[in-house]
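Trainee: sequence and predicted model, in that order:
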Amino acid sequence: MAAAAAVEAAAPTDALWGLVHDFVMGQQEGPADQVAADVKSGNYTVLQVVEALGSFLENPEPRTRARGIQLLSQVLLQCHSLLLEKEVVHLILFYENRLKDHHLVIPSVLQGLKALSLCVALPPGLAVSVLKAIFQEVHVQSLPQVDRHTVYNIITNFMRTREEELKGLGADFTFGFIQVMDGEKDPRNLLVAFRIVHDLISRDYSLGPFVEELFEVTSCYFPIDFTPPPNDPYGIQREDLILSLRSVLASTPRFAEFLLPLLIEKVDSEILSAKLDSLQTLNACCAVYGQKELKDFLPSLWASIRRESSQRRTILEMLLGFLKLQQKWSYEDKDQRPVNGFKDQLCSLVFMALTGPSTQLQLVGIHTLTVLGAQPDLLSSEDLELAVGHLYRLSFLEEDFQSCRVAALEASGTLAALYPVAFSSHLVPKLTEELRVGESDLTRGDGPTQCSRHLCCLQALSAISTHPSIVRETLPLLLQHLCQVNKGNTVARSSDVIAVCQSLKQVAEKCQQDPDCCWYFHQTAIPCLLALAVQASMPEKEPSVLRKVLLEDEVLAAMASVIGTATTHLSPELAAQSVTHIVSLFLDGNVSFLPENSFPSRFQPFQDGSSGQRRLVVLLMAFVCSLPRNVEIPQLNQLMRELLELSCCHSCPFSSTAAAKCFAGLLNKHPAGQQLDEFLQLAVDKVEAGLGSGPCRSQAFTLLLWVTKALVLRYHPLSSCLTTRLMGLLSDPELGPAAADGFSLLMSDCTDVLTRAGHAEVRIMFRQRFFTDNVPALVQGFHAAPQDVKPNYLKGLSHVLNRLPKPVLLPELPTLLSLLLEALSCPDCVVQLSTLSCLQPLLLEAPQVMSLHVDTLVTKFLNLSSSPSMAVRIAALQCMHALTRLPTPVLLPYKPQVIRALAKPLDDKKRLVRKEAVSARGEWFLLGSPGS
């Protein structure tokens, strides 16, 4: 029995010895992988491999020793994670000793050390020991490229995992690496070496007295002169080396005294690439270097730059970086600033760029001008006048130069806040004249070019309204321009009025941070807007098309946006002054605070007023729903009853919706108590009466929806009852589809009422709470509903899930996914789009769950990629793209079918659809290919 056991124990050892012999003496490569696989499976231990190699490792023939160590190293590269700490210690000692061996052995030794540098079980101190041995025993630059690369890998591995130990070596580590790198020529190795140098500096390794040596060993490659060989399998480009070296040279101010003279010399080079590389490296240095490093070199640096004319954009980018850096420097005397001596040449260079042929050059010029202007007392009045002139011209560029125009407007706003007098003197008069010319062009009904200039002028006026003194000039201009429409002096189009309102809103936004400016805007603009609207709403003997433009839905919405923006930042004391006037205007017809307040008849929007007057309730809504919560609203009881009555008026849906929103906005802010309960009871009674039968069902439903939203946002107990009532309407033949869409409103953020900016009470987790309270009932209702009603439940559910934060939805996904997939078969495009929007991020965030339904997903997405709706086609193709994030083995069976099917949308008539099809099909083509 004992003999049999001995035979069984010896059998594996004999097999191992055979594999070792075949590798070392038989020069076969396969046994190494077999031995590694056996070690990983537990058939052998690393110690047994070493024992089997015993005689080969001690063989007097260097090539035999090298093959033996090569086998051990290849096994360790695959099995290093299995090693125990004591095994690592013995192996490290063995390999360090073999670094003194014959040069034929060294490559295999380095491979073994590379494997050991990856060991988690490496005891403290051994990383330092290994590197010291390499630095002392190995002349790295005499090794072949692949072996030098192995040394860099060992250093990188230790720097990643043993940083503190290596820092304990102090400057000796830096000096050792300098010796390793010195003379390196291969681009593959240089990329790794540059990264190591960058890490040495950025991770605060000690450079000691070797700063200049480290600079010399890297800067000798500057500027990079490398042309990749044809069909280079490594794909290393010249730009890769340039960027990697630049990140080293610009990584520390300690290189400045050595680098700046080199860069100044290369800026004067005749070689264009060296010149460009030097300027771009200077630009990178400006983000790191300080006043001390740059100060002494600025005269010679500027002299070189002035002589350079072919690289204006790069020079400006470098100067821009320097100017941003200089803003952080402090000077006791402003005359000490380095830029002062070059100011005139700088301005000349910037102004040349602003008139240059290149959009990119102009953009850098605009940004540089902005930073120059931010330097206190630097620009003269003549400089400012020139700058304003350039910005005026750039603000009227055509659509093809949109990025420059936007940048010029932004720069105008920044500089106007710093130099209000210059902009008032030189730009406001030009824009005033431009606006006057624009009015006459509009009167003649001139073409689209003049309309475009008119719009640019309005945008420029709002852009420069960044200083209170300028607002006092631009605001009256814009309001006066708006008045021309009401007087019938121009050809009125709603788009023109909306454009003026958009500019007014932008001015209001800029005034919000200054309380005085905010109040000036409010008391100037709001009475004027209300007066124009009231005048337009008055009955006329001869109806005027011009005046009625002000009563169009989109125009009133734009005016409401201005009023809301001008109100949100008022102090409660000032808001209280304004609320008295405006509520009195709507309830009592008191027009005394309005300019030009002689109207042909009374303003009574709630007392049987004309439909035009009732439409102005949207302006009241914008005001009262933007007030701070602690502002008391006069005559609130009467106001709420009037709003409630108007909300169910069927003759003007626009007015009734505005009244419902206004009522809801006030409910949301009203403190809990008896009065709030009374208002809610009135609303519920009004809703139930309206929903019964008659012409007001739609208006009653709208009121229900907005009141529900107001209560959901503040977690009011009644919200659950109203939501249940809304769910009941999903089965209503007339209101069912609208009730389903109502869930989108309940879950969405509004822009005009019930907003946080407008001081509404919006609880932070209201969506999560709504989901928890109501989705189970929606799912239950779906299963119990007749077939013709099910789409309404699916639509409502899709809207809720689409707007739910994804971390909340993911845990519930397995139970809800089947319903979402069913929603994709719903013929309603809104349901399809909402569901696709919900599914797309889930494909990225929950691939394992989605993989279970891949067959259904592929089929439905492909079907919807041919939908009549462009938005649905785009969303379906985006989902097809996102599908490629699922595990590849799950998708490969569908690859041929998908690639064929996605050929059709490549010919879609809409460019945006074709773009998504190309993207999705490309990802499916790459599926399963190497590196994908």
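Mentor: That came through, no problem.

Trainee: in the stretch 301-450 of the chain, which spans are strands?
Mentor: Here the stretch 301-450 of the chain has no strands by DSSP state E, counting those that start in this stretch.

Trainee: give me the low-pLDDT residue ranges for it?
Mentor: Applying pLDDT under 70 to the stretch 301-450 of the chain flags residues 301-341, 438-450.

Trainee: poorly predicted segments of the stretch 751-900 of the chain, please.
Mentor: The low-confidence ranges in the stretch 751-900 of the chain, as defined by pLDDT under 70, are absent entirely.

Trainee: cool, and the stretch 51-200 of the chain?
Mentor: Checking the stretch 51-200 of the chain against pLDDT under 70 turns up nothing.

Trainee: distance of residue 740 from residue 799?
Mentor: 7 Å (Cβ to Cβ, to the nearest Å). Every residue, glycine included, has its C-beta placed from N, CA and C.

Trainee: the two: which has the busier surroundings?
Mentor: The neighbour comparison of residue 740 against residue 799 (other Cβ atoms under 10 Å) goes to residue 740, with 27 against 24.

Trainee: for the more buried one, which non-adjacent residue is closest in space?
Mentor: The shortest distance from residue 740 to any non-neighbouring residue, by Cβ to Cβ, 6 or more residues apart in numbering, is to residue 795 (3.8 Å).

Trainee: what's the answer for residue 194, then?
Mentor: Spatially, and ignoring its direct neighbours in sequence, residue 194 is nearest to residue 244 (4.2 Å; Cβ to Cβ, 6+ apart).

Trainee: show me what the helix or strand hosting residue 705 packs onto, helices and strands only.
Mentor: Using DSSP states H and E, residue 705 maps to helix 697-713. Other elements packing on helix 697-713 under the criterion 3 or more Cβ pairs under 8 Å, 6 or more residues apart in numbering; DSSP states H and E are helix 636-647, helix 653-669, helix 674-692, helix 718-728, helix 736-747, helix 766-784.

Trainee: quick one: closest of those helices to residue 176.
Mentor: helix 766-784 (57.0 Å; Cβ to Cβ).

Trainee: pull the residues that contact the following helix or strand past the closest one.
Mentor: Helices and strands here follow DSSP H and E; after helix 766-784, the next one along the chain is helix 790-802. Outside helix 790-802, the residues within contact range by Cβ atoms under 8 Å, 6 or more residues apart in numbering are 727, 730-731, 736-737, 739-744, 746-747, 770-771, 774-775, 778-779, 781-782, 785, 809, 816, 819-820, 822-823, 826-828, 830-831, 834-835, 837-838.

Trainee: drop anything exposed from the residues you listed.
Mentor: Buried members of these, counted by 16 or more other Cβ atoms under 10 Å: 727, 730-731, 736-737, 739-744, 746-747, 770-771, 774-775, 778, 781-782, 785, 809, 819-820, 822-823, 826, 828, 830-831, 834-835, 837-838.

Trainee: burial count for the residue nearest to residue 740?
Mentor: 27.

Trainee: offset the numbering so it begins at 47, please.
Mentor: All set: I'll call the first residue 47, so the last point we hit is now residue 841.

Trainee: all helices for the stretch 247-396 of the chain, in order.
Mentor: 257-265, 284-295, 302-313, 318-332, 337-341, 344-353, 358-372, 389-400 (DSSP state H, counting those that start in this stretch).

Trainee: contact partners for residue 678?
Mentor: Neighbouring residues of residue 678 by Cβ under 8 Å, 6+ apart: 622, 625.

Trainee: an error on my part: the question was meant for residue 917.
Mentor: Counting by Cβ under 8 Å, 6+ apart, residue 917 touches 875, 879.

Trainee: give the buried residues for the helix or strand encompassing it.
Mentor: Using DSSP H and E, residue 917 maps to helix 916-929. With burial defined by 16+ other Cβ under 10 Å, the residues of helix 916-929 counted as buried are 917-929.

Trainee: save these as TSV, and put in distance to residue 308 too.
Mentor: Formatted as TSV, these follow (distance: Cβ to Cβ, whole Å):
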residue	distance to residue 308
917	57
918	60
919	57
920	52
921	55
922	57
923	52
924	50
925	54
926	53
927	48
928	49
929	53
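
Trainee: and stretch 302-316, what's its mean pLDDT?
Mentor: Here stretch 302-316 scores 81 as its mean pLDDT.

Trainee: ditto for stretch 960-972
Mentor: In this model, stretch 960-972 carries a mean pLDDT of 91.

Trainee: tell me the spacing between residue 328 and residue 334.
Mentor: In terms of Cβ to Cβ, residue 328 sits 11 Å off from residue 334.

Trainee: the two: who's more crowded?
Mentor: When residue 328 and residue 334 are compared for neighbours, residue 328 comes out ahead with 29 against 16, by other Cβ under 10 Å.

Trainee: my guess is that one meets residue 309, correct?
Mentor: Yes: Residue 328 is within contact range of residue 309, at 5.4 Å (criterion: Cβ atoms under 8 Å).

Trainee: now do the contacts for the closest residue to residue 929 other than its chain neighbours.
Mentor: Nearest residue to residue 929 in three dimensions, chain neighbours excluded: residue 889, at 5.9 Å (Cβ to Cβ, 6+ apart). Shown in contact with residue 889 (Cβ under 8 Å, 6+ apart): 896, 903, 925, 928-929, 931-932.

Trainee: could you do residue 80 as well?
Mentor: Contacts of residue 80 by Cβ under 8 Å, 6+ apart are residue 65.

Trainee: which parts of the helix or strand it falls within are buried?
Mentor: Taking DSSP H and E as the definition, residue 80 sits inside helix 76-87. By 16+ other Cβ under 10 Å, the buried positions in helix 76-87 come out as 77-78, 81-82, 84-85.

Trainee: mind putting those in a markdown table, distance to residue 561 included?
Mentor: What follows is the buried residues of helix 76-87, written out as a markdown table (distance: Cβ to Cβ, whole Å):
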| residue | distance to residue 561 |
| --- | --- |
| 77 | 83 |
| 78 | 78 |
| 81 | 80 |
| 82 | 75 |
| 84 | 80 |
| 85 | 76 |
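
Trainee: and residue 657, how many neighbours?
Mentor: 14.

Trainee: that one is in contact with residue 697, isn't it?
Mentor: Yes: contact criterion Cβ under 8 Å: residue 657 and residue 697 qualify, at 6.6 Å.

Trainee: where in the stretch 597-746 of the chain is pLDDT low?
Mentor: 654-655.

Trainee: got the domain boundaries for the chain?
Mentor: Residue ranges for the domains of the chain, per the TED database: 533-680, 681-850, 889-977.

Trainee: how long is the longest one from one end to the other?
Mentor: To tie it back to what came earlier, the one meant is domain 681-850. One end of domain 681-850 sits 39 Å from the other (Cα to Cα, to the nearest Å).

Trainee: so how far is it from its chain's centroid?
Mentor: 33 Å (Cα atoms, centre = their mean, to the nearest Å).

Trainee: for whichever strand or helix holds residue 908, packing partners?
Mentor: Assigned by DSSP H and E, residue 908 belongs to helix 900-910. When contacts are defined as 3+ Cβ pairs under 8 Å, 6+ apart, helix 900-910 packs onto helix 859-869, helix 875-891, helix 916-929, helix 941-947.

Trainee: and of these, who's closest to residue 728?
Mentor: The nearest among the helices and strands packed on helix 900-910, by Cβ to Cβ, is helix 875-891 at 32.8 Å.

Trainee: and the helix or strand just after that closest one, how far out from the chain's middle?
Mentor: Per DSSP H and E, the first helix or strand lying C-terminal to helix 875-891 is helix 893-897. Using Cα atoms, centre = their mean, the mean C-alpha position of helix 893-897 is found 27 Å from that of the whole chain.
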